[in-house]
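[1] just need the structure, nothing else, for what follows:
(chains A, B, C and D)
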2 protein chains.
Amino acid sequence: MRLVIARCSVDYEGRLQAHLPEATRLIMVKADGCVAVHADGGAYKPLNWMNAPNRLSEDDEGWTVTSPKGEVLRIWLHEIYADSSHEMGVDPGLQKDGVEAHLQELLARDVEMLGNGWKLVRREYPTDIGPVDLLCRDDEGMAVAVEIKRRGEIDGVEQLTRYLDRLDRDGNLSPVRGVFAAQEIKPQARVLAEARGIRCVTLDYDELRGIESNELKLF
Amino acid sequence: MRLVIARCSVDYEGRLQAHLPEATRLIMVKADGCVAVHADGGAYKPLNWMNAPNRLSEDDEGWTVTSPKGEVLRIWLHEIYADSSHEMGVDPGLQKDGVEAHLQELLARDVEMLGNGWKLVRREYPTDIGPVDLLCRDDEGMAVAVEIKRRGEIDGVEQLTRYLDRLDRDGNLSPVRGVFAAQEIKPQARVLAEARGIRCVTLDYDELRGIESNELKLF
DNA sequence: GTGTATATCTCGGGG
DNA sequence: CCCCGAGGTATACAC
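    Below is the predicted model:
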């Protein structure tokens, strides 16, 4: 990784056009070739950047970074205050817990959380417009499509509605009911869901994990 | 801005839980207090980070960053290879061109692009679920709601559909037609839009700018 | 490759 | 403050 502190101005032309007036900034070049120009504030997003793959050429006025898609990032270096390089090796990567995939996995293990006698048909049940998170049968054998979100918002209700519309055309499933399950459901999303006859369920991640732990204890 | 190159491991607990095994990385601390841990690859996104505002405390094993929302980022510093600080001052910021706001502005100036005799009622026409990009009257005085996107995808069609549903309840406007305008419209979005009676229009950004230039030339 | 959904999305604007 | 919408979104995953 190369780190350059410099007074610079920047022009980007590609998916849009953007310009950075002259100021002191950090320019970071990673081993994969990606370039990022950071100001001393504004969270982790750089002011300007160029993703890998690209080609970087230096001349006496600055750098030109060109991507195969025709994007160009031009960095004018007016004064360089520091320029260092560091070997880091390959990163072992981030281990995450608590994202939607994990919620889905936990709920799939115990669909009875949603209703007594419910059975899981399958996770990621396919439709021609994309997969439904869970397809279940309730205690009376009726089909139920479940959409799982970490945060339940209107888009998620729209998504489930599209799936329900599709699934309902399948004679082996129809009529299909819907359940919108999330750790947190926004009021607007709840109103829209309930207006469409979709049941809303709030998930407790710790409780789901607790169930998982209890199951593990049994073996 | 402080830049530390160190062999470190990291734990984050907040919106989710995440762990980074020991490796050499860049730790960036910006003037506003935000912290980012970067590997030498993987685009501009850090592996782990903490937004401002937060509180950073150092001890002999590493750093603890705490946010007012209860998030905690713990960085264990095993070996420090470099540690430098740089004054940068306030950044003048990025100047952009070509985003949706500009498309909206250009189209608002010349709604006749959409149909002869069309008049703009107003930009950002309010409804109780959010503003419609443009509300127009066509040559016969019928109301038309226009949703503008750079890239037209299914979400945009859903959004316009919700607005149309709302606007149609207004006796002074009903019936309201819809136009979905974008630089590029995905086939699925087009199918969905047309199935709902929404007209799709592809925008040519250069042509819109050309109109603007021509208008400017007249004055 | 396209298409779809997710994200500790980030970021900005408006109430 | 939250809510909402846009993004050069980026990223992962299925088809």
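[2] so what are the domain limits for chain A?
    Here the domain parsing of chain A from automatic domain parsing is A:2-85, A:100-217.
[3] which helix or strand contains the residue in chain A that DNA strand D sits nearest to?
    Nearest to DNA strand D, among the residues of chain A, is A:R15, at 3.3 Å (Cβ to the nearest atom of the strand). No exception for glycine: its C-beta is placed from N, CA and C like everyone else's. Counting by DSSP states H and E, there is no helix or strand that carries A:R15.
[4] which residue sits closest to it in space, ignoring its chain neighbours?
    A:E71 (6.9 Å; Cβ to Cβ, 6 or more residues apart in numbering or on different chains).
[5] the residue located most distally from the centre of chain A in helix, strand or coil?
    Centroid-distance maximum for chain A: A:D60 at 40.4 Å, with Cα atoms, centre = their mean. Three-state assignment for A:D60 (DSSP: H, G, I helix; E, B strand; the rest coil): coil.
[6] ok, back up a step: I figured the residue of chain A closest to DNA strand D hits A:G70, correct?
    No: the criterion here is Cβ atoms under 8 Å, and A:R15 misses it with A:G70 at 9.9 Å.
[7] between those two, which one's more packed in?
    A:R15 (12 against 9; other Cβ atoms under 10 Å in any protein chain shown).
[8] could you check how far the more buried one is from B:L47?
    25 Å (Cβ to Cβ, to the nearest Å).
[9] and the domains of chain A, which one's lowest on average pLDDT?
    Here the domains of chain A differ in mean pLDDT, and the lowest is domain A:100-217 at a mean of 89.
[10] quick one on the thing from earlier: could you measure from the residue of chain A closest to DNA strand D over to DNA strand C?
    15 Å (Cβ to the nearest atom of the strand, to the nearest Å).
[11] quick one, phi psi at that residue?
    phi -70, psi -20 (degrees, to the nearest 10).
[12] what is the burial count for A:R209?
    Neighbours of A:R209 (other Cβ under 10 Å): 14.
[13] that one belongs to a helix, doesn't it?
    Yes: applying three-state DSSP, one finds A:R209 inside a helix.
[14] list the contacts for it?
    A:L106 (Cβ atoms under 8 Å, 6 or more residues apart in numbering or on different chains).
[15] B:K30 is in contact with A:D40, correct?
    Yes: counting by Cβ under 8 Å, B:K30 is a contact partner of A:D40 at 5.2 Å.
[16] give the residues shared as contacts by those two.
    B:M1.
[17] tell me which residue in chain A sits closest to DNA strand C.
    A:A43 (2.6 Å).
[18] that residue and B:N54 touch, don't they?
    No: A:A43 lies out of contact with B:N54 (Cβ under 8 Å); the separation is 11.3 Å.
[19] and chain A, which of its residues are near DNA strand C?
    A:42-45, A:94, A:96, A:99-101, A:129-130, A:133, A:148-151, A:155-156, A:159, A:162 (Cβ under 7 Å from any atom of the strand).
[20] how far away is the residue farthest from the centre of chain A from A:L77?
    9 Å.
[21] which ones are touching the residue farthest from the centre of chain A?
    Counted by Cβ under 8 Å, 6+ apart, A:D60 has zero contacts.
[22] and it, its phi and psi?
    phi -80, psi -10.
[23] with A:L164 instead?
    Dihedral angles for A:L164 - degrees, to the nearest 10 - are phi -60, psi -40.
[24] ok, it - how many residues close by?
    23.
[25] and what of A:A6?
    20.
[26] okay, now the sheet partners of the helix or strand harbouring it, with direction.
    If you go by DSSP H and E, A:A6 is part of strand A:2-13. Strand A:2-13 pairs in its sheet with strand A:17-29 (antiparallel), strand A:72-85 (antiparallel), by DSSP bridges.
[27] highest mean neighbour count out of these?
    strand A:17-29 (a mean of 19; mean count of other Cβ atoms under 10 Å in any protein chain shown).
[28] quickly check: that one near DNA strand D or not.
    Yes: Strand A:17-29 is in contact with DNA strand D by Cβ under 7 Å from any atom of the strand, via A:A18.
[29] stretch A:158-175 now?
    No: Stretch A:158-175 does not reach DNA strand D (Cβ under 7 Å from any atom of the strand); its nearest approach is 10.6 Å.
[30] buried set for that stretch?
    Within stretch A:158-175, the residues scored as buried using 16 or more other Cβ atoms under 10 Å in any protein chain shown are A:158-164, A:166-168, A:173.
[31] Serialize these to CSV and add fields for distance to A:W118 and secondary structure.
    Putting the buried residues of stretch A:158-175 into CSV (distance: Cβ to Cβ, whole Å; DSSP: H, G, I helix; E, B strand; the rest coil) gives the following:
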residue, distance to A:W118, secondary structure
A:E158, 24, helix
A:Q159, 21, helix
A:L160, 17, helix
A:T161, 21, helix
A:R162, 23, helix
A:Y163, 18, helix
A:L164, 17, helix
A:R166, 21, helix
A:L167, 16, helix
A:D168, 19, coil
A:L173, 15, coil
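[32] once you drop chain neighbours, what's closest to A:D91?
    Once chain neighbours are set aside, the closest to A:D91 by Cβ to Cβ, 6+ apart is B:A39, at 3.6 Å.
[33] let me fix that, I meant to ask about A:N116.
    Using Cβ to Cβ, 6+ apart, the closest residue to A:N116 is A:D139 (6.1 Å).
[34] how much space between that neighbour and A:L160?
    A:D139 is 21 Å from A:L160, by Cβ to Cβ.
[35] A:E147 now?
    4 Å.
[36] so what sits against both of those two?
    With Cβ under 8 Å, 6+ apart as the test, A:E147 and A:L160 both reach A:132, A:178, A:180.
[37] what pairs with the last one across the strands?
    Looking back up the chat, that one is A:F180. A:E147, A:C200.
[38] so it makes contact with A:G197?
    No: counting by Cβ under 8 Å, A:G197 is not a contact partner of A:F180; they are 10.9 Å apart.
[39] who's more crowded, those two?
    Counted by other Cβ under 10 Å, A:F180 and A:G197 do not tie: A:F180 has more neighbours, with 27 against 9.
[40] fine by me, thanks again.
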